[in-house]
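A.B. asks: Need coordinates for the below:
(2 chains)
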Amino acid sequence: MEIKTHFLYPSTLFFSREPHLVNTILGSCVAVCLYDPVNHTGGINHYMLPFWNGEGLASPKYGNIAIERLLDKMLSSGSKKNNLIAKVFGGAEVIDTQVSQFHIGERNIEVAQRTLKELNIRISGQSLGGKNGRKIQFNTETGAVLQKIITRQVADLKK
Amino acid sequence: MITDDQLLNELEKRFRENKDSVLQLKKMTSELKEVNKKLEESEALKTHFISNITNEIINPFAAILGLSRNILDVKKENWDKVISMVHLIHSEAFNLDFQLKNVFAAAKLEAGEWVPDIMNVDVNQLIASTLDSFKFEAAKRRIELYYDFDVSPGIEKSFYFLTDPEKLKIMISNLLSNAIKYSHSESEVHVKAWLENDGLCVSVIDKGIGVSEENKKIIFDRFKRVDNGINSVNRGHGLGLSVNKAIIDLLGGTIEMNSIANQETVFTICIPQDEKSFENDAMASDGNEFLFDGDGDEIF
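C.D. replies: Purely as a prediction, here's the structure:
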């Protein structure tokens, strides 16, 4: 049986009990994959900015919200927090982000690391920072993540 | 040994540094206070919203029920009197439908579960039908709607663009609804669509009250309405523009506003043609080897 695929857009998150291959493209954004090795289920988010500051909708565009929502999804599907492991990707400083002098990538990474630590969820794999974007594919059944570094120019990578 | 001069210089330098960091700290504290205030406000508005929405849903329903009951009681020979009541029913139902769509859109966006559903969209037709759905609302206040479609001279009517029709329609509806709401009666609302750098731009222009400088910062925040004053006659929850902003982020576009109080307000949205996700859908069937061919791939 062929496994279903899903393309993960920025500011959204994905969770399904059914096995999926989730593809996404990361620049300064960060994606946190949560995987439950007992239930063989996984979920992933893709956030663009570290914190929601009251502007616009409180959506998973922001790391603090995205991680919390994803964890809620996992827990309400019957996962135990103690079983969960995390993999974290992205947070590059892609070339044209000097416009936003704030090192978005770095701050996005920090939110993931700090929040996961507070939640006591172990980070079992990560590929963070650098100057290049990443294309990743998360297998929600096995928890494996494939990564390809993209050296292409920035137009697509702003997210 | 250091001389007195050096000592004095060093001291001065340290004092300066100290002063700088105190200043910086002050700045950061005030920024934090600002954010804190916003979060508190947002929470308060949310509470307000929940109590408000009960009225906003129940009242229109009561009106629709009452009016339709009246219509049912009308004798056959008086049926020509019914039309004004039908207008009212339509208006109530239209507003209810419009507002509920925004509430659901906001909820789905906040859950992060609303993904673009990309297809080939007949843009001209989509905008025209959106305008058409607002014609009674506009007529109520004697506002004329104009539509100028300028994307493909020569090809005329059917112009296809890869995007998410539902989300595009919600965004244009929100801009139109605001334009009509904040227009003076007996004025005009113009909608323009054109192509720019392979993306689609849509402007909605009204000659209404405009957006003040202080409000420009907050109009995209949720539950914010520019006329929270006591004489506000407008309904709605202030969700529209925050929904638009979130959809625009999702589609990778931009939204801009230019406003001169009591003269003209222009909202412009621009969205790129979404070929990326189209490609990705196409790749999903067989392209995984192409995507991850083992060459330089890493496994985590």
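A.B. asks: my read: B:C270 touches B:L195, true?
C.D. replies: No. Using Cβ atoms under 8 Å, B:C270 is not in contact with B:L195; the gap is 9.8 Å. Using the backbone N, CA and C atoms, a C-beta is placed for each residue, glycine as well.
A.B. asks: After the lowest-mean-pLDDT helix or strand in chain B, heading C-terminal, what element do we hit next?
C.D. replies: Using mean pLDDT, DSSP states H and E, the weakest-scoring helix or strand in chain B turns out to be helix B:288-291, at a mean of 42. Sequence-wise, the next helix or strand downstream of helix B:288-291 (DSSP states H and E) is strand B:298-299.
A.B. asks: low pLDDT regions in chain A?
C.D. replies: Under the criterion pLDDT under 70, the flagged ranges of chain A are A:1, A:95-102, A:152-159.
A.B. asks: how about the strands of the chain, start to end?
C.D. replies: Picked chain A for this. For chain A, the strands defined by DSSP state E occupy A:4-7, A:13-16, A:20-26, A:30-36, A:41-45, A:85-90, A:122-128, A:133-139, A:145-150.
A.B. asks: um, chain B though
C.D. replies: Using DSSP E, strands in chain B cover B:119-122, B:144-150, B:160-163, B:188-196, B:199-206, B:254-260, B:264-272, B:298-299.
A.B. asks: Which residues of chain A lie near chain B?
C.D. replies: Proximity of chain A to chain B (Cβ under 8 Å from any Cβ of the partner chain) is limited to residues A:5, A:7, A:9-13, A:21, A:23, A:45, A:48, A:53-61, A:66, A:69, A:87, A:89, A:125-127, A:135, A:137, A:144-149, A:156, A:159.
A.B. asks: same thing but 6 Å
C.D. replies: Residues of chain A lying close to chain B (Cβ under 6 Å from any Cβ of the partner chain) are A:5, A:7, A:9, A:11-13, A:53-60, A:87, A:125, A:145-148.
A.B. asks: which of these count as buried?
C.D. replies: Neighbour counting with 16 or more other Cβ atoms under 10 Å in any protein chain shown marks A:5, A:7, A:9, A:11-13, A:54-60, A:87, A:125, A:145-148 as buried within the residues of chain A next to chain B.
A.B. asks: Do any residues in stretch B:18-28 lie close to chain A?
C.D. replies: No. Using Cβ under 6 Å from any Cβ, stretch B:18-28 stays clear of chain A, coming no nearer than 13.3 Å.
A.B. asks: Retrieve the pLDDT associated with B:E156.
C.D. replies: pLDDT for B:E156: 57.
A.B. asks: hang on, the earlier thing: ok, B:C270 and B:L195, which is more surrounded?
C.D. replies: Set B:C270 next to B:L195 and count neighbours by other Cβ atoms under 10 Å in any protein chain shown: B:C270 wins out with 20 against 16.
A.B. asks: Would you check that that one makes contact with B:D198?
C.D. replies: No. The pair B:C270 / B:D198 is not scored as a contact, 10.6 Å apart, by Cβ atoms under 6 Å.
A.B. asks: hang on, B:F134 packs against B:L176?
C.D. replies: Yes. Applying Cβ under 6 Å, one finds B:F134 in contact with B:L176, separated by 5.2 Å.
A.B. asks: Among the two, which residue is more densely surrounded?
C.D. replies: Using other Cβ under 10 Å as the criterion, B:F134 and B:L176 rank with B:L176 on top: 25 against 21.
A.B. asks: For the more buried one, list the residues it contacts.
C.D. replies: Residues near B:L176 by Cβ atoms under 6 Å, 6 or more residues apart in numbering or on different chains: B:F134, B:V204.
A.B. asks: likewise B:I219?
C.D. replies: B:I219 makes contact with B:L241, according to Cβ under 6 Å, 6+ apart.
A.B. asks: Please list all residues in contact with B:R141.
C.D. replies: For B:R141, the contact set (Cβ under 6 Å, 6+ apart) comprises B:S185.
A.B. asks: Please report phi then psi for it.
C.D. replies: In this entry, B:R141 is assigned phi and psi values of phi -110, psi 20 (degrees, to the nearest 10).
A.B. asks: Over to A:S79?
C.D. replies: phi -80, psi 150.
A.B. asks: show me what contacts it?
C.D. replies: Taking Cβ under 6 Å, 6+ apart, one finds A:D36, A:N39 in contact with A:S79.
A.B. asks: now do 10 Å
C.D. replies: Residues counted as contacts of A:S79 (Cβ atoms under 10 Å, 6 or more residues apart in numbering or on different chains) are A:F15, A:L34, A:Y35, A:D36, A:P37, A:V38, A:N39, A:T41, A:G42, A:G43, A:L71, A:K73.
A.B. asks: of those, buried ones?
C.D. replies: Buried members of the contacts of A:S79, scored by 16+ other Cβ under 10 Å, are A:F15, A:L34, A:Y35, A:D36, A:T41, A:G42, A:G43, A:L71, A:K73.
A.B. asks: Contacts only, for the closest residue to the third one other than its chain neighbours.
C.D. replies: Taking Cβ to Cβ, 6 or more residues apart in numbering or on different chains as the measure, A:Y35 lies nearest to A:G143, with 3.6 Å between them; neighbours along the chain are not counted. Listed by Cβ under 10 Å, 6+ apart, the contact partners of A:G143 are A:33-37, A:40-42, A:85, A:87, A:124-125, B:300.
A.B. asks: any idea which residue sits dead centre in chain A?
C.D. replies: In chain A, the residue lying closest to the centroid (Cα atoms, centre = their mean) is A:A31, at 1.3 Å.
A.B. asks: and that one, how far is that from A:Y47?
C.D. replies: Separation of A:A31 from A:Y47 (Cβ to Cβ, to the nearest Å): 8 Å.
A.B. asks: Could you name every residue contacting both of the two?
C.D. replies: Residues touching both A:A31 and A:Y47 (Cβ under 10 Å, 6+ apart): A:P10, A:L13, A:A66, A:L70, A:G90, A:N108, A:A112.
A.B. asks: Just the ones of the residues you listed in helices?
C.D. replies: Judged by DSSP state H, those include A:A66, A:L70, A:N108, A:A112 as members of helices.
A.B. asks: Among those, which one sits closest to chain B?
C.D. replies: A:A66 (6.8 Å; Cβ to the nearest Cβ).
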